[in-house]
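1. All I have is the shape, not the residue letters:
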């Protein structure tokens, strides 16, 4: 089991490394090739859109055909997206194709890996292993932009070629090491669970899907506006922003690997409640920034709450899925991507109108989202109970 978990952590790391590695390179490519700057946003958004529309389909396929096959397929497709981007930087259409391919197959990897871990674990230790996956995601976000920036100094293509090769190596290793997991407990009782992702919305798990959207919505909004706001407050430089996000990334990794594993079965909603309160506090601190240290402190507080809530929510969603781990993971992933689509668009628009006051609104959203948690606790329409 340990080899499988380490491999799955590596897969998650590379998926989010691939998401982050493009951030410092994409604007340079767009300028160097004389494309309109609007394509910076377009190429980022198309990735999330591709994941959003395909993740539920991948999740259902994962439940029906098996996790390993989907992971191997995802690795090949994800690797291809890197090579496409590296080879066709002078062709805007193919750049969009490469981002669509990357988004499609990242959805396959996410849903299959999450379902794989759910199959390997029981409810007592699932929080621990979901936390390790979350830590891998955090590390991918930390090292993605850093690797992209360092390798990009030598060549814009080098980060993508290196990532493509490493992903193929991971494919070979996964094909040898991974063995299709045995379905545990209620995962074998799929026949009595409603077919299709849309029918999951008839049960209380729908509140968890919606909460997943709001958690990612707030995160994406911060990523889009934090640097703009700090430029006006403390004249922050891009290099300093990189250091702050790297520091907050380590906070994310610590929460995922050190705190989430201590969450006991049955206490998830209490932890998510506390996490959203911490998130709101971090958002409220941002407008009072008067130094680089305070900016980093506020960002780290927000990150701690967001990371804790995000990962515990993934674990709780898998437990509420009635055995359809892949389908539920696919729906959660789609809600996350919806947050990444609408978060930056709405936050930047409101920022141009309200400046720092946007963070007061954001904190209010974080608090109001707790209503979804209360509705979840009060509902008796649980797929988990039906599958017993």
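-> All right, it came through fine. Everything numeric in this text was worked out from a predicted model, so none of it was measured.

2. from here on, contacts and neighbour counts on C-alpha atoms
-> Fine.

3. Break the chain into its domains for me.
-> Taking automatic domain parsing as the reference, the chain has its domains at 2-176, 197-386.

4. Within the helices and strands, which one has the closest residue to residue 7 other than its chain neighbours?
-> Of all residues not flanking residue 7 in the chain, residue 174 sits nearest, at 7.0 Å (C-alpha to C-alpha, 6 or more residues apart in numbering). Applying DSSP states H and E as the criterion places residue 174 in helix 158-177.

5. Does anything pack onto that helix? Which helices or strands?
-> The contact analysis (3 or more C-alpha pairs under 8 Å, 6 or more residues apart in numbering; DSSP states H and E) places helix 158-177 against helix 2-21, helix 67-87, helix 126-152.

6. could the domains of the chain be laid out in a markdown table, adding mean pLDDT and mean neighbour count?
-> Shown next, in a markdown table, are the domains of the chain (pLDDT from 0 to 100; neighbours: other C-alpha atoms under 10 Å):
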| stretch | mean pLDDT | mean neighbour count |
| --- | --- | --- |
| domain 2-176 | 79 | 21 |
| domain 197-386 | 81 | 20 |
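
7. any chance of the helices and strands packed on helix 158-177 in CSV, with distance to residue 341 too?
-> Shown next, in CSV, are the helices and strands packed on helix 158-177 (distance: least, C-alpha to C-alpha, whole Å):
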stretch, distance to residue 341
helix 2-21, 14
helix 67-87, 20
helix 126-152, 18
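
8. which residues sit against stretch 205-218?
-> Applying C-alpha atoms under 8 Å, 6 or more residues apart in numbering, the contact partners of stretch 205-218 are 200, 306, 309-310, 313, 317, 320-321, 331-332, 335-340, 342-344, 362, 365-366, 369, 372-373, 375-376, 382-383.

9. Just the residues you listed: which are in strands?
-> Among these, no member falls in strands (criterion: DSSP state E).

10. How about the contacts made by the closest residue to residue 151 other than its chain neighbours?
-> In this structure, residue 151 finds its nearest non-sequential neighbour in residue 159, 5.5 Å apart by C-alpha to C-alpha, 6+ apart. The contact partners of residue 159, by C-alpha under 8 Å, 6+ apart, come to 21, 147-148, 151-152.

11. how close does residue 159 get to residue 153?
-> 10 Å (C-alpha to C-alpha, to the nearest Å).

12. ok, residue 99 touching residue 49?
-> No: Residue 99 is beyond contact range of residue 49, at 9.9 Å (criterion: C-alpha atoms under 8 Å).

13. any residues in contact with both of the two?
-> Common neighbours of residue 99 and residue 49 (C-alpha under 8 Å, 6+ apart) do not exist.

14. measure the closest residue to residue 92 other than its chain neighbours to residue 42 for me?
-> The shortest distance from residue 92 to any non-neighbouring residue, by C-alpha to C-alpha, 6+ apart, is to residue 35 (7.9 Å). Distance from residue 35 to residue 42, counting by C-alpha to C-alpha: 11 Å.

15. swap in residue 61?
-> 29 Å.

16. Equivalent analysis for residue 57, please.
-> With C-alpha to C-alpha as the criterion, residue 57 and residue 42 are 24 Å apart.

17. got it, and residue 376?
-> For residue 376, the distance to residue 42 - C-alpha to C-alpha - is 36 Å.
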